[in-house]
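Chemist: Structure for this input, please:
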Amino acid sequence: MSLFRRLAAVIGMAVVAATAGCAVNPVSGQSELSLLSEQQEITIGRQEHPKIIEAYGAYDDPELQAYVQRIGERLAARSHRSDLIYRFTVLDSSEVNAFALPGGYIYITRGLLAYLNSEDELAAVLGHEIGHVTARHSVRQISASTAANLGFTLGALLVPELQNRGVSDLFSTLSTALLRGYGREHELEADRLGAQYLAGTGRDPEAMLDVVGVLKNQEQFEIQLAKEENREPRVYHGVFATHPDNDERLKTVVRQAEALPGGQATAPRGPFLRRLDGLVFGESASEGTLRGNAFYHRDLDIALQFPEGWRVENRPDRLVAISPDRSAALQVTVADRNKRISPERFLRDRLKLDDLQGGEPLRVDGLDGYTGVASAGAGADVRNARVAVLYKGSQAFVFLGTPQKADGLKAHDDAMMRSIRTFHALSEEERDLAEPLRLAIIEARDGTTFRELAAESRIHHHAEEQLRLLNARYPRGEPIPGERLKTVQ
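Modeler: Residues are numbered from 1 along each chain as shown. Down below sits the predicted model:
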């Protein structure tokens with residue numbers, strides 16, 4: 001499930017009624033259209049925060065969480081809405097993003113945290129998100145979208161006959177903004193405010209530009225990967241991503257903030273990097289880990305090998321392996337069994353596969369299963385698909401292999417079945433492989449190169465490029481003797 005779909009799923013129906021009117025913007029001091037009161041804004045954050053935590057999970061490191069909270073609170077104390085109680089949370093997600101819910105709930109993923117290289121850069125991300133909260137960008141976005149698209153009168157936000165559509169559109173607007181930014185003007189305003197808050201706490205506003213560089217490098221690397229893998233790039237549109245390279249307007253707001261009292265200091269890099277020592281990098285143990293085309297899951301106690309050359313995606317709700325020419329895909333999901341029925345009956349009754357053809361029992365690593373060919377799609381798009389299930393304890397692991405073309409199964413069926421037959425419980429040797437990768441902080445020696453570090457790293461693909469990204473040396477550049485570096489072990 002994509003980040004956008006997860007956000008859309010957790011941004012629920014928190015607003016059921018509101019009174020339209022005008023409010024004074026805390027930043028500008030100007031009166032503006034507002035369909036949500038401050039209390040309703042806070043209510044949205046309070047009700048949706050647990051859903052964000054349920055969807056992503058809070059990263060299990062109390063000291064790191066407390067550290068991020070302290071940095072955020074210092075910035076928030078200098079903000080235009082210092083009376084709010086702000087909550088800063090590191091999410092247990094490898095995705096590179098940060099966002100804020102209305103009312104002062106601010107999130108940064110460990111995936112983004114891993115690529116930051118100073119406390120000032122962390123403060124820049126948090127300050128930018130505080131700026132969205134203080135300027136009430138989510139409220140302004142909802143108000144403008146509702147007024148423009150739904151034609152609501154100023155008397156009420158939701159009228160009964162439009163209630164379902166209205167709430168759906170409201171939160172579609174909000175979740176889109178969380179992921180893709182609030183539009184160029186609002187993003188620049190959040191930058192300006194964040195830079196002011198940095199200067200107000202004695203930090204260097206130039207860190208804003210450094211974070212833009214981090215995200216632009218991420219974008220370049222993702223475009224490179226997508227080209228190699230023959231797919232569309234998955235570029236995250238969150239914090240700062242609306243900025244073009246060499247953005248003069250951003251540089252201007254940064255320079256303005258630097259002129260403020262205290263706007264020239266730079267925090268030392270070493271203490272910040274020590275905070276990241278041991279940070280999980282990539283998938284967590286609860287998500288399962290990929291090592292090349294092999295998948296290991298500690299909590300489920302399983303391992304699986306996908307066909308050589310297939311691109312494997314570890315999504316929150318499934319594994320998906322895609323053939324090199326993108327003409328076929330094999331996905332794996334897990335479901336609770338609930339009833340003591342045979343694997344064949346599971347496919348036919350539970351999954352409603354009435355047309356299962358060529359069925360046969362499976363016995364894989366001592367596990368009972370069943371497989372056959374079923375129809376997938378509808379109308380002119382009907383294709384034969386390989387379906388299989390393997391029982392492991394109270395869980396059923398379901399495999400679905402689908403070709404792109406109606407007659408495409410034959411070309412890939414053998415590879416799919418070979419992959420299914422590799423399914424097994426973790427061996428003792430594999431348990432180490434099921435543990436997540438973690439950052440380790442080292443000191444560069446004379447002659448240390450990223451190629452050398454990549455050869456020693458457990459990163460399973462593009463290790464040199466990823467180490468350069470982690471250390472702000474992408475696409476070129478080498479370590480400086482004596483400097484602290486992030487490696488992955």
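
Chemist: Nearest spatial neighbour of R326, chain-adjacent residues omitted?
Modeler: Once its chain neighbours are removed from consideration, R326 has its nearest residue in N230; the separation is 5.9 Å (Cβ to Cβ, 6 or more residues apart in numbering). Where C-beta positions appear, they are placed from N, C-alpha and C, glycine not excepted.

Chemist: same deal with H297?
Modeler: Nearest in space to H297, with sequence neighbours left out and distances taken as Cβ to Cβ, 6+ apart, is G288 at 3.7 Å.

Chemist: quick one: the one you found and V312, what's the gap?
Modeler: For G288, the distance to V312 equals 11 Å [Cβ to Cβ, to the nearest Å].

Chemist: Now list whatever residues contact both of the two.
Modeler: Between them, G288 and V312 share these contacting residues under Cβ atoms under 8 Å, 6 or more residues apart in numbering: 295, 319.

Chemist: More neighbours: which of those two?
Modeler: With other Cβ atoms under 10 Å as the criterion, G288 and V312 differ in neighbour count, and G288 comes out ahead with 20 against 17.

Chemist: looking at this structure, which residue lies furthest from center?
Modeler: In the chain, G358 marks the outermost C-alpha relative to the chain mean, sitting 40.4 Å out by Cα atoms, centre = their mean.

Chemist: Now do the contacts for it.
Modeler: Contact criterion Cβ under 8 Å, 6+ apart gives 372-373 as the residues in contact with G358.

Chemist: Next, it: secondary structure please.
Modeler: Secondary structure assignment for G358 (DSSP: H, G, I helix; E, B strand; the rest coil): strand.

Chemist: for the residue nearest to H297, what are its contacts?
Modeler: Applying Cβ under 8 Å, 6+ apart, the residues contacting G288 are 295-298, 300, 314, 319, 434.

Chemist: show me where the stretch 301-450 of the chain has strands.
Modeler: With strands called from DSSP state E, counting those that start in this stretch, the stretch 301-450 of the chain shows them at 302-305, 311-315, 318-322, 328-336, 357-364, 367-376, 383-392, 395-403, 437-443.

Chemist: In PDB, please show the C-alpha coordinates belonging to stretch 88-107.
Modeler: Below are the C-alpha coordinates for stretch 88-107, written out as PDB (Å, rounded to 0.1, in the frame of the first residue of the first chain):
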ATOM      1  CA  PHE A  88       6.700  15.200  17.800                       C
ATOM      2  CA  THR A  89       6.900  11.600  16.800                       C
ATOM      3  CA  VAL A  90       9.500   9.500  14.900                       C
ATOM      4  CA  LEU A  91       7.600   7.000  12.800                       C
ATOM      5  CA  ASP A  92       8.900   3.500  12.300                       C
ATOM      6  CA  SER A  93       8.900   3.800   8.500                       C
ATOM      7  CA  SER A  94      11.700   3.600   5.900                       C
ATOM      8  CA  GLU A  95       9.900   6.100   3.700                       C
ATOM      9  CA  VAL A  96      11.500   9.500   3.400                       C
ATOM     10  CA  ASN A  97       9.000  12.000   4.600                       C
ATOM     11  CA  ALA A  98       7.700  14.400   7.300                       C
ATOM     12  CA  PHE A  99       4.300  15.800   7.800                       C
ATOM     13  CA  ALA A 100       2.000  17.500  10.300                       C
ATOM     14  CA  LEU A 101      -1.600  17.000  11.400                       C
ATOM     15  CA  PRO A 102      -3.700  20.000  12.400                       C
ATOM     16  CA  GLY A 103      -3.400  21.100  16.000                       C
ATOM     17  CA  GLY A 104       0.400  20.400  16.500                       C
ATOM     18  CA  TYR A 105       0.900  16.700  15.800                       C
ATOM     19  CA  ILE A 106       4.200  16.500  13.800                       C
ATOM     20  CA  TYR A 107       5.900  13.400  12.400                       C
END
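
Chemist: now it: how far from the chain's centre is it?
Modeler: 10 Å (Cα atoms, centre = their mean, to the nearest Å).

Chemist: Let me know the average pLDDT across stretch 372-386.
Modeler: Averaged across stretch 372-386, the pLDDT comes to 80.

Chemist: Could you identify the most distant pair in the contacts of G288?
Modeler: Of all pairs drawn from the contacts of G288, the one with the largest separation by Cβ to Cβ is R298 and L319; the distance is 14.9 Å.

Chemist: Least confident of the contacts of G288?
Modeler: In terms of pLDDT, N314 ranks lowest among these, with 88.

Chemist: since we're on that residue, how many residues are nearby?
Modeler: Counted with other Cβ under 10 Å, the burial measure for N314 works out to 16 neighbours.

Chemist: Surely it touches R291?
Modeler: No. Counting by Cβ atoms under 8 Å, no contact exists between N314 and R291, whose distance comes to 11.2 Å.

Chemist: Phi and psi next, for the spatially most central residue of the chain.
Modeler: Nearest residue to the geometric centre of the chain (Cα atoms, centre = their mean): E95, 3.1 Å. With angles defined as degrees, to the nearest 10, E95 shows backbone torsions of phi -70, psi 150.

Chemist: Contacts only, for the residue nearest to R326.
Modeler: Taking Cβ under 8 Å, 6+ apart, one finds 324-326 in contact with N230.

Chemist: Over to I441?
Modeler: Contacts for I441 (Cβ under 8 Å, 6+ apart) come out as 273-274, 276-277, 484-487.

Chemist: likewise A396?
Modeler: Taking Cβ under 8 Å, 6+ apart, one finds 334-337, 343, 346, 350, 389-390 in contact with A396.

Chemist: Same check on T201?
Modeler: For T201, the contacting residues are 74-75, 78, 123, 262, by Cβ under 8 Å, 6+ apart.

Chemist: Many thanks, I have nothing further to ask.
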